[in-house]
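Trainee: Using only what follows, build the 3D model:
(2 chains)
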Amino acid sequence: MAPSTVRSARKSRNPDLVRGVGKYSRSKMYHKRGLWAIKAKNGGVFPRHDAKPASPMAELQKPPKFYPADDVKKPLINKRKPKPTKLRASITPGTVLILLAGRFMGKRVVFLKQLSSGLLLVTGPFRINGVPLRRVNQSYVIATSTKVEISGVNLEKFDDCYFAKEVERKKKKGEGEFFEAEKEEKKAIPQQKKDDQKLVDDSLIKSIEGVPDLKSYLAARFSLKSGMKPHELVF
Amino acid sequence: SKIYRIAGQTDTASNTVLTPLVEIGRVALVNYGKEYGRLIVIVDVVDQNKALVDAPDMVRTQMNLNRLSLTDIKIDIKRVPKKKTFVKAMEAADVKNKWESSSWGRKLIVQKRRASLNDFDRFKIMLAKIKKAGIV
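Mentor: A predicted model of the protein is given here:
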């Protein structure tokens, strides 16, 4: 049994005749609401509560030391969470992609998976065409209909943080030594990354060598030749 | 606009190579419009410019003769045959095989094949061409 003190959301005691016009007058409503009874219970006067004492929190808040010269408007709260980039239906794990821009422009490359940032994780494989494990934007890619068998590859460890740049320690700016130091800093690729590359590529290369001509296909670059119309080509 | 030869007139220029006639039973290729690339048969002639045209998997419609490229294949039908009779006549004349073995028909098939080539297919063909050139 629900306790009698719990009240459900109450409908108004004053039904609408028309919108904005109630059925009962003020004096009638006074009686209906039992305000006379509340008054009688309290000795002829409406019960009043004393003002709450100032909360201890308000006492601790000191007036600010600094008021800005102009009234600056605070920007509205934006709670929008951008959705992950929609992957084109033609791009599935194992698809051969043609890179359209950047250092590896024209290279045919194997798609591995889409990372959480929306970028595509891609590999040459490195031994075939020199493209390492790399991130690539979907917009700079043509998806061919050629697929490579990719089931034997474990891609769980690869995410955007894997590709983050290493944070450089702050260099002290010595005048003469500055430029010499720069030249020596050309970073060698850590052995861990080389091992990861090898691990991914080994199983890929096995499945690639199973298909005739696929290896040399991936090694070659794509280019438009005379008479090729991109809008009429089937990739 | 084309001028079509009227059946019965002798051709003074060359008696041996005759251009196809617009006649009932003439097979033609649609070269313009929604039905582009389809083989149809002229089933009746409406007037100087239009003909009633039919194919086994098509609703019989009228088409302007300018939209048709006539072939040299002809089937034996009477004017406006029923669909069943028409389909039987098509099969009896073996239009499909005649078309696909003709040079025109074979050309179109090759064009279609080339247009549908994959990027990988194009690469393989390039290798094959290089290989072939090496043998010669």
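Trainee: for residue 132, what are its contacts?
Mentor: Reading this off chain A. If you count contacts by Cβ atoms under 8 Å, 6 or more residues apart in numbering or on different chains, residue A:132 has them with A:123, A:124, A:126, A:193, A:197. Quick note: C-beta positions are derived from backbone N, CA and C, even for glycine.
Trainee: does residue B:134 count as helix, strand or coil?
Mentor: Three-state secondary structure (criterion: DSSP: H, G, I helix; E, B strand; the rest coil) places residue B:134 in helix.
Trainee: Next step: the contacts of residue A:132 restricted to strands.
Mentor: Taking DSSP state E as the definition of strands, the contacts of residue A:132 contribute residue A:123.
Trainee: and which of the contacts of residue A:132 is nearest to residue A:234?
Mentor: Taking Cβ to Cβ as the measure, residue A:124 is the one of these closest to residue A:234, at 24.0 Å.
Trainee: isn't the closest one right up against residue A:107?
Mentor: Yes: at 7.2 Å, residue A:124 and residue A:107 qualify as touching, with contact defined as Cβ atoms under 8 Å.
Trainee: what is in contact with these two at once?
Mentor: Where contact means Cβ under 8 Å, 6+ apart, the residues bridging residue A:124 and residue A:107 through contact with each are A:130, A:131.
Trainee: so which strand or helix has the residue nearest the centre of chain B?
Mentor: Per Cα atoms, centre = their mean, the C-alpha nearest to the average position across chain B is that of residue B:29, at 3.5 Å. Taking DSSP states H and E as the definition, one finds residue B:29 inside strand B:26-30.
Trainee: could you say what helices and strands that strand packs with?
Mentor: With contacts taken as 3 or more Cβ pairs under 8 Å, 6 or more residues apart in numbering or on different chains; DSSP states H and E, strand B:26-30 sits against strand B:39-45, strand B:68-74.
Trainee: Determine which of those approaches chain A most closely.
Mentor: Minimum separation from chain A across the helices and strands packed on strand B:26-30 (Cβ to the nearest Cβ) falls at strand B:68-74, 21.7 Å.
Trainee: Format the helices and strands packed on strand B:26-30 as a markdown table; extra columns: mean pLDDT and mean neighbour count.
Mentor: A markdown table is the format used below for these (pLDDT from 0 to 100; neighbours: other Cβ atoms under 10 Å in any protein chain shown):
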| stretch | mean pLDDT | mean neighbour count |
| --- | --- | --- |
| strand B:39-45 | 95 | 21 |
| strand B:68-74 | 93 | 18 |
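Trainee: In JSON lines: those, plus distance to residue A:46.
Mentor: Output for those, formatted as JSON lines (distance: least, Cβ to Cβ, whole Å):
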{"stretch": "strand B:39-45", "distance to residue A:46": "95"}
{"stretch": "strand B:68-74", "distance to residue A:46": "98"}
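Trainee: low-confidence ranges in chain B?
Mentor: Low-confidence regions of chain B, defined by pLDDT under 70, span residues B:1-17.
Trainee: Quick check: residues of it near chain A?
Mentor: Contacts of chain B with chain A, taken as Cβ under 8 Å from any Cβ of the partner chain, map to B:115, B:116, B:117, B:118, B:119, B:120, B:123, B:124, B:127.
Trainee: Give me the buried subset of those.
Mentor: Neighbour-count burial within these applies to B:119, B:120, B:123, B:124; the criterion is 16 or more other Cβ atoms under 10 Å in any protein chain shown.
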